[in-house]
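> sequence and predicted structure below; questions after.
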Amino acid sequence: MQTVREIEQALYDLAPKDGMMHGDNVGHLVGDPEEEVKRALVALDITESVVDEAIEKGCDLIIAHHPVINSNWTPVQSVRCDTLKGRILTKLIRNNISAICMHTNLDVASGGVNDRLAERLGLENVEMMENGLIRTGCLPQPMTLRDFAAFVKDALGCNGVRYSDAGKCVFKVAVGGGTCGDYEEEVLRAGCDTFVTADLKYHQFLDARDINLVDAGHFPTEDPVCEVLIQYITAQFPELTAEKSASHREVIQYYV
């Protein structure tokens, strides 16, 4: 039977640790590395509802993208049941559920977050930019920005998208799952007419002149990688049962 340590190493084979960005926190973050794993739950985030789901389903492990602990971004100075983070960590430990998180190393990995995003959007001749993170590719045929925005919404299951129109037809597209808006200038230099990412700020839309921007949301642009993790880990460990969380979904709603 596979152990948490063995699964962590297999995931590092998919997304090597040296690919993570400075200040990130990846790998086996909670639990006993020698614990045997029969059932795993895969989710973008380890929320309290995801932990409750794992408990209900008898899972030994949660594999997630975003780190459940990252002191550089969200300091954890105590583990108390009267705080959200404390409850999450306490429930994991009390129920003997381990947590493995593959974050920025999975963003840049071949076949990881951004390759999967490019695949979902039907891009062809996909290439990795020099930064190792952003992918570029072309649509099978040009589209209007309005039609492309509708396509992105459907392809990623978004509750809505935000976009700004630079007056260009959509053909050569760059994608960066999650918060990648700071790479806009590099994307422009790569000759792209459209950039699909998330978490864009007002001034980024306001100042965009030469490129169409499509903000499809953090969750929708990264969640497709959960399918990659399930397919990969079950291929590596055929005795392991892995499934995607049914409780974790996009939380941002749009009033229309």
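That came through, no problem. What you see is a predicted model; the values in this text were computed from it and never measured. Numbering: from 1, shown residues only.

> which parts of the stretch 51-200 of the chain are helices?
Ranges of helices within the stretch 51-200 of the chain are 84-94, 104-108, 113-120, 145-156, 184-189, based on DSSP state H, counting those that start in this stretch.

> now the third one: average pLDDT?
Along helix 113-120, the predicted local confidence has a mean pLDDT of 98.

> now it, how far from the centre of its chain.
10 Å (CA atoms, centre = their mean, to the nearest Å).

> who's in contact with that helix?
65, 106-109, 126, 133-135, 137, 155-156, 175-178, 196, 221-222, 224-225, 227-228 (CB atoms under 8 Å, 6 or more residues apart in numbering). Where C-beta positions appear, they are placed from N, C-alpha and C, glycine not excepted.

> among those, name the ones in strands.
For the contacts of helix 113-120, membership in strands holds for 126, 135, 137, 175-178, 196, with DSSP state E as the criterion.

> ok, the residues you listed vs Leu188, which is closest?
Gly176 (13.3 Å; CB to CB).

> residue ranges with poor pLDDT in this structure?
When residues are selected by pLDDT under 70, those of the chain lie in 71.

> go again with 90.
1, 70-79, 208-209, 255-256 (pLDDT under 90).

> walk me through the domains of it.
By the assignment in automatic domain parsing, the chain contains the domains 4-106, 110-221.

> show me what contacts the closest residue to Leu139 other than its chain neighbours?
What sits nearest to Leu139 in space, not counting adjacent residues and going by CB to CB, 6 or more residues apart in numbering, is Phe171, at 5.7 Å. Going by CB under 8 Å, 6+ apart, Phe171 touches 138-139, 141-143, 193-194.

> what about Val161, neighbour count?
Look at Val161: counted by other CB atoms under 10 Å, it has 20 neighbours.

> can you tell me which residues contact it?
Contacts of Val161 by CB under 8 Å, 6+ apart are 149, 152-153, 214-217.

> can you tell me how far the spatially closest residue to Ala155 that is not a sequence neighbour sits from Glu35?
Residue nearest to Ala155 in three dimensions, not counting chain neighbours: Arg120, with 5.3 Å by CB to CB, 6+ apart. Between Arg120 and Glu35 the distance is 34 Å, computed by CB to CB, to the nearest Å.
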